[in-house]
Structure formats: structure tokens, C-alpha cells
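**Student:** build me a model:
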Amino acid sequence: MFVAPGVACLLAPNASMMTGPGTNTWLLGDPPVAVLDPGPDIPSHVEAILAAAPGLETVFVTHTHPDHSPAAATLKARSGARLVGRPAPRDGRQDERFVPDAIPARDEIFAAGKLRLRAIDTPGHASNHVCWLLEGDGLLFSGDHILEGVTPVIPVPDGDLAAYLEALERLKRYPLRAIAPGHGRVIAEPLREIDRVIAHRLAREAKVVAALGTRDSATLDELLAQVYSDVPADRHFLARLSLEAHLIKLERDGRAARDGIVWHAR
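**Tutor:** Numbering: from 1, shown residues only. The predicted model follows:
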């Protein structure tokens with residue numbers, strides 16, 4: 001699937017509840033000389049990448065969750081490509097095989113053939129998350145920071161909701177034309193989608209505050225069913241992670257406090 005001049009999508013064969021139809025691996029250049037988010041280290045997927053980009057020079061990564069970066073180490077071993085991204089945090093959920101050759105600073109520009117990518121640090125879903133903006137086009141490769149029709153989980157302790165919201169607001173300052181997410185279809189109205197995600201998170205925060213206000217104290221699990229009553233029960237194990245992220249943000253804001261495993265309003 002071609003989404004812009006010199007940009008094509010190769011879908012990884014890792015469809016699941018967490019990944020939707022699979023991870024979007026972006027091929028960059030004409031012919032492709034770079035790949036962004038190479039996805040899981042599945043042999044057939046690695047072979048498809050190398051067949052599409054036999055002159056592979058650079059592998060860019062948005063973050064090191066296991067559905068986004070593990071193929072990077074194999075591609076480097078096979079092609080000698082340079083790895084660009086931020087090192088994996090040590091939270092037990094990361095691809096620690098990813099060892100970057102270059103660590104991007106905010107607004108640093110990298111070449112992908114004739115294309116230019118701007119690094120935008122966007123912590124929140126992961127502390128090492130980076131979005132990549134295609135210069136001159138406005139296409140934002142958003143990884144898991146912004147997804148089609150859903151909001152990403154904020155998995156603490158590495159995830160940080162306050163940082164996530166700050167990064168969303170900061171993204172609105174860039175000249176965005178469209179968003180190419182890590183999963184799902186290209187998003188045609190980027191500012192509207194960013195505002196939707198912010199509004200969703202703030203509405204969820206209001207539900208957390210309201211739930212705390214109806215109780216003297218409550219555990220995370222006691223709050224979960226009330227705050228996420230609109231989410232199917234089989235996804236509550238994911239919602240629990242984001243609920244904890246909301247509570248930690250409220251604690252830092254001085255609006256909630258905890259005593260061991262028990263939370264209460266302040």
C-alpha cells in the first residue's frame with residue numbers, strides 16, 4: 001500500500017487483539033533504502049522487508065515494544081543497516097535486543113534516500129517513544145502514540161499519562177497532513193484525531209475523579225469496573241494499566257492519594 005511518494009506499507013503477519021490487523025512496517029525511499037518499525041522478528045516478514053529493500057541502509061524505530069522493533073537486530077545482521085531509535089527501557093516489556101547506532105534528539109533530521117524524517121520525542125505509551133515526521137509532506141509516523149479509532153494503553157511504570165498528554169499537545173504545533181499509525185489505516189484529519197484522543201483521556205480522568213468521590217477509599221480493582229464500565233470485561237486487564245496511569249497522574253496533581261494499595265480523593 002502506497003501512502004505518499006516514496007512511502008509504502010508492508011503489513012506484518014502478527015494480527016491480534018493488541019495489534020489489530022498487524023504492525024505497519026513502513027518502507028521509505030524510491031527504491032526503498034529505509035524501513036520504519038520493522039515489527040516482530042518473524043522470518044517471512046524479515047524476508048519480505050529485505051526483498052522490498054535489498055539496498056537497506058537504515059532502520060528507524062518508534063519504540064521497543066515487541067510488536068515494533070525485534071526485527072531490527074536481524075535486519076542489521078543481514079544487511080548492515082544502521083539502527084535509529086532510543087534504547088529499550090528495563091521494564092520487562094521491551095525488546096532489549098534493540099541497540100541503536102544513533103539516538104535521535106528532538107527535531108533532529110535523518111535522511112532516508114531523498115526523504116527527510118524529523119524525530120519528535122513522544123513519551124507516554126513508552127518512555128522511549130519517537131514519532132517521525134516526513135518533512136515537506138506532513139505525514140506523521142505515529143507508532144502507538146496515535147492509533148486509528150482507539151487510544152493506546154499507558155502501561156506503568158514505563159508509561160506516563162502526563163507525558164503522553166503533553167506530547168499530544170506538542171504535536172499540534174507541527175505541520176501535519178496525515179497520520180500513519182503503527183496499526184490500522186492512515187488517519188486523514190490529524191488535528192481532529194489528536195483532539196479526540198485528548199478529550200477521551202480527559203473524560204476518562206473525570207470518571208476516575210468521580211469514582212473516587214463516591215467512595216472513602218478503593219483499590220485499583222474496585223475502581224476498574226466503575227471507571228471502565230463501557231469497556232468489555234475481557235479487556236479490563238489492559239484498562240487496569242491505564243487506570244493506574246490516571247491515578248498516578250492525579251496523585252502528582254494533588255487530586256488523589258494512596259495508602260498502600262488503597263486510593264482516595266484529596
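**Student:** which stretches of the stretch 1-150 of the chain have low pLDDT?
**Tutor:** Low-confidence segments of the stretch 1-150 of the chain, defined by pLDDT under 70, are located at 1-2.
**Student:** all strands of it, in order?
**Tutor:** Taking DSSP state E, counting those that start in this stretch to define them, one finds strands in the stretch 1-150 of the chain at 2-4, 7-11, 24-28, 34-36, 58-60, 82-84, 109-112, 115-121, 130-134, 139-143.
**Student:** show me what the last one is packed against.
**Tutor:** Secondary-structure packing of strand 139-143 (3 or more CB pairs under 8 Å, 6 or more residues apart in numbering; DSSP states H and E): strand 130-134, strand 178-181. The C-beta positions use only the backbone N, C-alpha and C, and glycine is treated the same way.
**Student:** buried set for the last one?
**Tutor:** What it means is strand 178-181. Buried residues in strand 178-181, counted by 16 or more other CB atoms under 10 Å: 178-181.
**Student:** most widely separated two among the residues you listed?
**Tutor:** Farthest pair in those (CB to CB) is A178 and P181. Separation: 10.1 Å.
**Student:** now the common contact residues for those two.
**Tutor:** Here A178 and P181 have I187 as joint contacts, going by CB atoms under 8 Å, 6 or more residues apart in numbering.
**Student:** what sits up against stretch 75-87?
**Tutor:** 35, 38, 46, 49-50, 56-64, 69, 72-73, 98-104, 110, 121, 128-130.
**Student:** what do you get if the cut-off is 7 Å, keeping everything else the same?
**Tutor:** The contact list for stretch 75-87 (CB atoms under 7 Å, 6 or more residues apart in numbering) reads 38, 46, 49-50, 56-61, 69, 72, 98, 100-104, 110, 128, 130.
**Student:** ok, of those residues, which come out buried?
**Tutor:** Counted by 16+ other CB under 10 Å, the contacts of stretch 75-87 give 38, 46, 49-50, 56-61, 69, 72, 98, 100, 104, 110, 128, 130 as buried.
**Student:** just checking, which of these belong to helices?
**Tutor:** 46, 49-50, 72 (DSSP state H).
**Student:** circling back to that earlier point, now the strands of the stretch 1-150 of the chain in TSV, with distance to Y174?
**Tutor:** Listed next are the strands of the stretch 1-150 of the chain as TSV, based on distance: least, CB to CB, whole Å:
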stretch	distance to Y174
strand 2-4	16
strand 7-11	17
strand 24-28	18
strand 34-36	17
strand 58-60	17
strand 82-84	19
strand 109-112	13
strand 115-121	7
strand 130-134	6
strand 139-143	7
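**Student:** closest to D259 out of those?
**Tutor:** The closest of the strands of the stretch 1-150 of the chain to D259 is strand 115-121. By CB to CB, the value is 34.5 Å.
**Student:** which positions within the closest one qualify as buried?
**Tutor:** Neighbour-count burial for strand 115-121 flags 115, 117-121 (criterion: 16+ other CB under 10 Å).
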